[in-house]
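>>> Sequence and predicted structure, then a few things I'm wondering about:
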Amino acid sequence: MDRIRIRGGNALNGTIPISGAKNAALPLMIASLLTDDTLTLENVPHLADVEQLIRILGNHGVDYTVSGKRLALSAGSGRTIHFTARTIVDTTAPYELVSKMRASFWVIGPLLARMHKARVSLPGGCAIGTRPVDLFIDGLRALGATIDIDAGYIVAEAKGGLVGNRFTFPKVSVGATHVLMMAASLAKGQTVLENAAREPEVVDLAKCLNAMGARITGAGTPTITIEGVTALSGARHRVLPDRIETGTYAMAVAMTGGDVVLEGTRSDLLQTALTALGDAGVEITDTEDGMRVVRNGGGIRPVDVVTDPFPGFPTDLQAQFMALMTRSDGVSHITETIFENRFMHVQELARLGAKITLSGQMARVEGVPRLVGAPVMATDLRASVSLVIAGLVADGETTVNRVYHLDRGFERLEEKLGRCGAEIERISS
Ligand code: EPZ
């Protein structure tokens, strides 16, 4: 298993190109199941999760071709992939595939909408919390589907097709919003989704579905209205920049000090997180094609954050912000409200010398003057990258094990940081 070795102490200076968003690319790829025409996605990041979903979609009959070569490391160098689901050959998503990636459960929406049936394995637990699927089931039932659970599978059927309805999410869910938006696009009549997720990835999916002929309004607000159509066509769509990758590198620069331009991204995708970084003493300015992050001199001020659905502080940046706060000049409090078990990085940060105490959903982080390198490992993607951020300032050597977590969501991480002066390398084994 590969490891990442970091020698801490170097400031980051230079340019980091931001890739297409993993969490937009995944639902966009799944949307290709809605049409027998070709959906072309540009700026698709090269990530293990994307490759895994390609395999899963292939099982349902989606063919794909990749155009262009893998270009140099620059913004917008993501791949262009053409997805064609001419014929759906299988409406079952088996346990072996769904258990590897939760987002693959989302195929239930398009399969039900287009084929009027789907048999999809329950995704099961996950390192960051229980992550149930009740909102998907209730929402699809509201659109007229019958749903049974049989031997670990959700068996869904909509004889004669789905029918539009009004559905209010009792809790905000990104995945359930994606799925109901896709399903309702091919339902008969109008669907109104209330208390929908407002994440930029939801807006990106709505844009793509509209380019395919769907009639969706209100994405990005809590109320999304979808007028069902009888068929969708192919389209060409560019995946939006990855706001979590953007925020992660901004936090890395905040941690090490330095001056870095994050290229090909947009500050409006993560305003709350940038406000928190500003409060911590980091200067962030928009550039023509991205943003510039600077921390020269001055310490890191402690800042309290509470994770919340968009436009709140993203749970996917909570671990990285905690890493930053381990070096602040005081005490900060970080509260996680989305996932009940997303503090797996705490004990690993402690191995580097961080002082963190947990009480329920809140972490109290007391800044320390130095961290000291050590071998660490993490059990999820964002937790792993928080250890990289800590390693960038820790004295001596930090080895991050189980790099496959990082490869799920960060494209060419060591190359991007290395180009800005970090001493970081991948050790293959
Ligand atoms: C998406 O997961 C992201 N994944 C996650 O990113 C992200 O952390 C999360 O949204 C929150 O922003 C992708 O986009 C692929 P949710 P999702 O449904 O859709 C509860 C990463 O690191 N819930 O919005 O699975 C759930 O347990 C990943 O890139 C129910 O109770 O998250 C959680 O507490 C990790 N019942 C809350 O809602 C349901 O039926 C929000 O989850 C569904 C969800």
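Sure, I can see it. Given the structure is predicted, the values throughout are model-derived calculations rather than measurements.

>>> Please count neighbours and contacts with C-alpha atoms only from this point.
Will do.

>>> what's around residue 357, how many residues?
Other residues within reach of residue 357, judged by other C-alpha atoms under 10 Å, total 15.

>>> Name the secondary structure element that contains the residue lying closest to it once chain neighbours are set aside.
On the basis of C-alpha to C-alpha, 6 or more residues apart in numbering, the spatially nearest residue to residue 357 that is not a chain neighbour turns out to be residue 364, at 5.2 Å. Mapping residue 364 onto the secondary structure by DSSP states H and E places it in strand 362-366.

>>> who's in contact with residue 371?
The neighbours of residue 371, taking C-alpha atoms under 8 Å, 6 or more residues apart in numbering as the test, are 327, 352-354, 390, 393-395.

>>> give me the number of residues near residue 250?
Each residue near residue 250 was counted by other C-alpha under 10 Å, and the total is 27.

>>> Nearest residue to it in space, ignoring adjacent ones along the chain?
Nearest in space to residue 250, with sequence neighbours left out and distances taken as C-alpha to C-alpha, 6+ apart, is residue 293 at 6.2 Å.

>>> part of a helix, is that neighbour?
No. Assigned with DSSP: H, G, I helix; E, B strand; the rest coil, residue 293 falls outside any helix and is strand.

>>> I figured it hits residue 285, correct?
Yes. Under the criterion of C-alpha atoms under 8 Å, residue 293 makes contact with residue 285 at 6.8 Å.

>>> the more surrounded of those two?
Neighbours were tallied for residue 293 and for residue 285 using other C-alpha under 10 Å; the higher tally belongs to residue 293 (26 against 12).

>>> Tell me the residues of this structure that contact the ligand?
23, 103, 131-136, 173-176, 315-316, 338-339, 381-382 (C-alpha under 6 Å from any ligand atom).

>>> can you tell me which of those are in helices?
Assigned to helices by DSSP state H, the following of the residues of the chain next to the ligand qualify: 23, 134-136, 174-176, 381-382.

>>> just the buried members of those residues?
Among these, those that count as buried by neighbour count (16 or more other C-alpha atoms under 10 Å) are 23, 135-136, 174-176, 381-382.

>>> and residue 119, that one's in a strand?
Yes. Under the criterion used here (three-state DSSP), residue 119 sits inside a strand.

>>> where are the low-confidence patches of the stretch 251-400 of the chain?
In the predicted model, the stretch 251-400 of the chain carries no residue with pLDDT under 70.

>>> mind listing the helices for it?
Applying DSSP state H, counting those that start in this stretch to the stretch 251-400 of the chain gives helices spanning 271-279, 318-325, 345-351, 381-391.

>>> repeat for the stretch 101-250 of the chain
The residue ranges that make up the helices of the stretch 101-250 of the chain, judged by DSSP H, counting those that start in this stretch, are 108-115, 134-142, 174-185, 200-211, 243-256.

>>> so how far is the fourth one from its chain's centroid?
From the chain centre to the centre of helix 200-211 is a distance of 15 Å (C-alpha atoms, centre = their mean, to the nearest Å).

>>> With the shortest one instead?
A distance of 23 Å separates the centroid of the chain from that of helix 108-115, by C-alpha atoms, centre = their mean.

>>> can you list the residues that contact it?
30-31, 33-35, 88, 91, 117-120, 140, 156-158, 161-162, 179-180, 182-184, 186-187.

>>> List the residues that contact residue 386.
Per C-alpha under 8 Å, 6+ apart, neighbours of residue 386: 319-323, 345.

>>> what does stretch 252-261 contact?
9-16, 277, 282, 290-297, 300, 324, 327, 389-390, 392-393, 420.

>>> Adding distance to residue 234, write the helices of the stretch 101-250 of the chain out as CSV.
Written out in CSV, the entries for the helices of the stretch 101-250 of the chain read as follows (distance: least, C-alpha to C-alpha, whole Å):
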stretch, distance to residue 234
helix 108-115, 14
helix 134-142, 24
helix 174-185, 14
helix 200-211, 8
helix 243-256, 26
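
>>> What segments of the stretch 51-200 of the chain are strands?
Secondary structure of the stretch 51-200 of the chain (DSSP state E, counting those that start in this stretch): strands at 63-67, 79-84, 92-93, 117-121, 146-150, 153-157, 166-168, 190-194.
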